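Asker: Please find the sequence and the predicted model below.
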Amino acid sequence: MSWFERLFMRRRLYGELSEEIREHIEEKVEELVARGMSRKEAAAAARHEFGNVTLIEEGSREVWQWPSIENFFMDVRYGTRMLRKNPGFTAVAVLTLALGIGANTAIFSIVNGVLLQPLPYAHSEQLVVIARTAPRFDHPVPVSGPNFLDWRARARQFQSLAGFDGRGFTVMLGKEPEHVLGAAVAFNFLSVLQVAPVLGRDFLETEEHAGNDHVALISHAFWKDRLGGDSGWLGRALTINGQAFVVVGILPADFRYVMMPRAQIFIPLNLDKTARGENFMSVIGRLKPNVGLRRAQSEMDSIARSLEKEYPTDNAEQGAIVIPMLKRVGSWIREALLIMLAAVGLVLLIACANIGNLILAQAVRRRGEIAVRSALGASAKRLARQCLTESVLLGLLGGGLGLLLGYYGLQAFRVLSPGNVPRLEEVQISRPVLLFSFAISIVASILFGLAPALRISRVNLADTLKEGSTRASSGAERGLMRQALVVTEIALSLVLLAGAGLAVRSFMKLIFTNPGYDSRNLLTFYLSPQARTAAQAEDFYRQVLERMSAIPGVNSVAMSRSIPPSGEEVDGPIITSEHPDIDPNRAPDIIYNPISPNYFRTMRLPLLAGREFSNVDVHGASPAVILNEAAARSLFPGETAVGERVKLGADNLAVWWTVVGVVADERYFGWDSDRTPTAYLPVSQILQDAMPDYDSAIILRTSSEPLTFLPGVRSSMASIDNHMALLGPESMEQRLMQTFAPHRFNMALLAAFASLALLLAAVGIYGVMAQFVAQRMHEIGIRMALGARPLDVVRLVLGQGVRLALLGLGIGTLVAAAATRLIRSLLYGISASDPVAFVSVACLLICVVLLACFVPAWRAMRVDPMVALRYE
Amino acid sequence: MPRMKKPEQRDLFPGALEMMILRTLKRQPLHGYALAQHIKRTSNDLLQIEEGSLYPALQRLLKEELVKAQWGISSTNRRVRIYKLTSTGAKHLEHEVSRFEKMLEGITRVLAPGES
């Protein structure tokens, strides 16, 4: 008989087998009767001698089967039937699980796409970023042109090194000037990424130098959307920053530079005139095949050491660090993403505890069925396997639905994300994500199915069958397990709640912190003039300030290097005449901001001592500086700063500046950092012929809603230079909202996950308390019959609930105290063990637990003793 | 509720039941009940075999094609399935018996009182 025939003959075989066995037993009975036994006795004896018919039939059939697989299918069929028979239970369990798995799928897809998937370039594992290190900074910092050129010439472990400098360009498209993001890049920039233009050609080496450098590469999107996709643009000139740049190539449609995803225009980076101390650019490189990070790093170390010897003034203690590009791209977001992943992991654990709980409750109801199955010969192992199969079925259903939720979650994330997640457009539900979701579905089902499976397989048959009622004597033990699960749920929820609570507190701190200046009614934008000399630039800015302050409703206008919250770091040593012995490289981090005289008045930043800048602080006059309070305190501790002198870093700042005033602190860097020591310099003393195309921010104090002034500002600008675009015009409050957006997003995500956890925990404790009351109906009836008042009953129930909650809370607080330290980097202005956050989430949790206990307590209170006692 | 012993916990070594079935069928074709009675009787009830355990063993032998079965009428006028040894079964039995005898000989030697 072939296996194929067997497969089809099986049904007949099984029928024959049953008949044969029946005949066997009958023959035995008849023989025994013939020997003089009563028929009833004979039947019992025959069955006794024969053994368990069902099991023997099953064993005989198994000979023809692949037992494990067929049992599995049988279990699946049975499980499906059970799930369909309890739609309420199934729906709650599947939905709970789907929420947990959905959240995990969405977050993991982002982690996978942003942190794990290779960058979209050939052999992207060879790509690195090389940055400068200096003892004054704890993070990698920009590089100077000459140092980059030396690196590129000397490095042997790299196929090539290329530099880039992100820039905003003003491009004339038609009559309107438009602001387009782009970068100036080394000629071999594309070849480092192993990308070639789809049309035209790459830059030539000679195009890095003056005379040849007015060429441009443009992105496919820019070419299609802004230039109409006309290939006639190759060889034609585009007006960029008021000058003609010939378009030599068009980049591939799928090309994006991950370090600057919105860059549309690339021009050659001309380093002819840059100084060794002027650090502004970034460097990328491609390692040679089979060169590891360590070998590249040790080469860069030795290059940096020899450059330090050759140029001791500019390169003292300057190192170079090689960082994989993938790691660098994700570095801003890595921590936040991993924290979110941990948070959704906790949500899933809570969901598992909840479903485990549901199954246990279900098991109480199914005790009779299980006992019967066991009596019919199902082994403990078989029952446990059946139970696990049901769990896995649930798990897969939940996983399937979760995948769907995860897909929508990812879409929602894309829409709501404040744009601080790199490569988000690359993120998708890819194969690794599917695998991940499948794996966590299985792991989750085993997690929540194991405890009930073990419990079910240990059902005490005789007791259960005899008992016959729903009141369980062995229920106490099972109740204990459910209580343990609830305590776990509450503890885990507290951990999540604590994290969310800290994030909320931190966000409140952030938005209610006084920035130091008055952020209402400020209009801000950047200008990027194309002056050829410092005098021209100064003249341009003077005109801007004059014309704009003449606009009706504009109270005052100021210029500044950057718009708070942001600033430039002083690079190089800071020396004060007062403390010449302070190691200049260990001096506090100071940022500097060149401003126009009426900056403080426009910002409404209070002057604390000395004077503001005025028209006497011009080029050639004695250099004057105004420090903020933080800078004054750190440079001249315990002394009056006004009148002291200070040298700020390298280059043109390394002269003696006399402190003429001290102003209140202004929060920079998006307020996440504490008060940053800042030095304000008169912009007219900074402008030099070396940097005529000096970008600057313009800030207008308006009398009403600042955005309504935009048209007036635009026409005023056109009257000065009609080729000049306002770059990023926004009100200060809009800018602040953008700064807060990532924080708000993180907070909202954490809060959403924590709410989910809280809801699940509430459902969990409700279930346990409801069962607690149901099991004690009888006891409560007796108590009430003996004179207990309804209030005592409520106290009994609530007391039990609160006991569980407090236990969970205690454990949760310990875990949270350790865990929240990991989210320190997301917090602003509060410690990771902020008592306000901890106490308030604990109170919230207790309230929710009480609420969840209230319904069962109320039910208990209304128990009619007569009914409860009769219910035997 | 009688506790069912699992096959591997039976007092017989694996394959013993099958061997006895084959040996019994070699003498004459029998149906299940008669087979059970015969084995019980000839072993003087020394072997405590649940009658039912015969059937999984018979199914195994059927599957291996060591026996074949045919419906027929028993002496007591019942419709029964009569099992008959096949030629492969006969060969298998011979092989098994000789293997068993060798094993038994070995065991007997080991158990024999002090020869050394």
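Answerer: Structure received.

Asker: Every contact and neighbour count from this point should use C-alpha atoms.
Answerer: Noted.

Asker: Find the nearest non-adjacent residue to the residue of chain B found nearest chain A, please.
Answerer: Closest residue of chain B to chain A, C-alpha to the nearest C-alpha: residue B:56 (3.9 Å). Nearest in space to residue B:56, with sequence neighbours left out and distances taken as C-alpha to C-alpha, 6 or more residues apart in numbering or on different chains, is residue A:60 at 3.9 Å.

Asker: which ones are touching that neighbour?
Answerer: B:55-57, B:59-60 (C-alpha atoms under 8 Å, 6 or more residues apart in numbering or on different chains).

Asker: swap the cut-off to 7 Å and go again
Answerer: Residue A:60 makes contact with B:55-56, B:59, according to C-alpha atoms under 7 Å, 6 or more residues apart in numbering or on different chains.

Asker: Close to chain B: what parts of the stretch 51-200 of chain A are there?
Answerer: Taking C-alpha under 7 Å from any C-alpha of the partner chain as the contact definition, the stretch 51-200 of chain A meets chain B at A:51-52, A:56, A:59-60, A:63.

Asker: Would you format those residues as JSON lines with secondary structure and distance to residue A:346 included?
Answerer: Rendered in JSON lines, the data for those read as follows (DSSP: H, G, I helix; E, B strand; the rest coil; distance: C-alpha to C-alpha, whole Å):
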{"residue": "A:51", "secondary structure": "coil", "distance to residue A:346": "50"}
{"residue": "A:52", "secondary structure": "coil", "distance to residue A:346": "47"}
{"residue": "A:56", "secondary structure": "helix", "distance to residue A:346": "47"}
{"residue": "A:59", "secondary structure": "helix", "distance to residue A:346": "44"}
{"residue": "A:60", "secondary structure": "helix", "distance to residue A:346": "47"}
{"residue": "A:63", "secondary structure": "coil", "distance to residue A:346": "46"}
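
Asker: Lowest-confidence one in those residues?
Answerer: Within these, residue A:63 has the lowest pLDDT, namely 74.

Asker: hang on, isn't that residue packed against residue B:61?
Answerer: No. Using C-alpha atoms under 7 Å, residue A:63 is not in contact with residue B:61, being 9.6 Å away.

Asker: Look at those two and report which has more neighbours.
Answerer: Set residue A:63 next to residue B:61 and count neighbours by other C-alpha atoms under 10 Å in any protein chain shown: residue B:61 wins out with 20 against 17.

Asker: and that one, what are its phi and psi?
Answerer: Phi and psi for residue B:61, reported as degrees, to the nearest 10, are phi -70, psi -40.

Asker: any idea how far it is from residue B:83?
Answerer: 10 Å (C-alpha to C-alpha, to the nearest Å).

Asker: what is in contact with those two at once?
Answerer: Both residue B:61 and residue B:83 are in contact with residue B:67, where contact means C-alpha under 7 Å, 6+ apart.

Asker: what does chain A put close to chain B?
Answerer: Residues of chain A lying near chain B (C-alpha under 7 Å from any C-alpha): A:20, A:24, A:49-52, A:56, A:59-60, A:63.

Asker: List the buried residues in the longest helix along chain B.
Answerer: Longest helix in chain B, counting residues (DSSP state H): helix B:87-111. Buried residues in helix B:87-111, defined by neighbour count with 16 or more other C-alpha atoms under 10 Å in any protein chain shown: B:89-90, B:93, B:96-97.

Asker: Which one of the residues in chain A is closest to chain B?
Answerer: Going by C-alpha to the nearest C-alpha, chain B is nearest to residue A:60 of chain A, at 3.9 Å.

Asker: in the stretch 451-600 of chain A, which spans are helices?
Answerer: Here the stretch 451-600 of chain A has its helices, by DSSP state H, counting those that start in this stretch, at A:461-467, A:475-512, A:534-549, A:599-603.
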